[in-house]
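Student: here is a sequence with its predicted model. Questions after.
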Amino acid sequence: MTARTTVLAPQVRDAMVALGAAAKKGLGDPVLAELVMIRASQINACAFCLDMHVDVAVEKNGEGAERIALLSAWREAGELYSERERAALALTEAVTVLTDGFVPDDVFEQAAKYFDEAELAHLLGVITVINSWNRLMVSRRIEPGGPAW
């Protein structure tokens with residue numbers, strides 16, 4: 001598989017990078033931000049983003065291999081993830097998949113128990129920006145370690 005194009009408009013790239021940085025900073029939990037980005041990237045089968053964010057989670061934020069390896073099965077992973085992380089991961093899946101055309105109220109309400117309004121807004125920003133990056137990378141067939149733009 002070869003990349004369809006490695007071109008990404010600089011204005012789009014810069015806006016996406018700025019949005020991601022603002023969302024992560026406002027969330028204030030870099031490990032959780034990476035878990036969310038990895039989970040969305042798993043769902044969207046974005047190898048480029050998985051490669052990048054697993055590396056950031058482990059190398060920059062000290063996340064353990066077990067939690068990364070079991071992330072796709074977080075519901076069955078017992079106490080490996082906190083209730084706060086579980087709420088964020090459930091919201092990530094609901095926003096990413098949108099099977100019913102909306103995020104179910106119970107999923108949103110569960111997240112609201114663990115995140116104040118500002119944190120929730122930033123969490124939604126993280127989820128939204130990684131889904132956008134996933135779509136940009138998958139549609140262009142950018143491989144792991146390949147040129148991002």
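Tutor: The structure has been received and is ready for your questions. Numbering: from 1, shown residues only.
Student: how about G145, secondary structure?
Tutor: Of the three states, G145 takes coil under DSSP: H, G, I helix; E, B strand; the rest coil.
Student: ok, the residue lying closest to it once chain neighbours are set aside - how many residues close by?
Tutor: Spatial nearest neighbour of G145, excluding adjacent residues (Cβ to Cβ, 6 or more residues apart in numbering): D51 at 6.2 Å. Heads up, the C-betas are built off the backbone N, CA and C, glycines and all. D51: 15 surrounding residues under other Cβ atoms under 10 Å.
Student: helix/strand/coil for D51?
Tutor: Applying three-state DSSP: D51 is helix.
Student: so which strand or helix has the spatially most central residue of the chain?
Tutor: The chain has M37 as the residue nearest its centroid, 1.7 Å off, counting by Cα atoms, centre = their mean. According to DSSP states H and E, M37 maps onto helix 30-43.
Student: quick check: longest helix of the protein.
Tutor: If you go by DSSP state H, the chain has its longest helix at helix 117-140.
Student: what's next to it, contact-wise?
Tutor: Outside helix 117-140, the residues that touch it by Cβ atoms under 8 Å, 6 or more residues apart in numbering are 3-6, 8, 12, 16, 19-20, 22-28, 33, 36-37, 40-41, 44-46, 48-49, 53, 88, 91-92, 95-96, 111-112, 115, 148.
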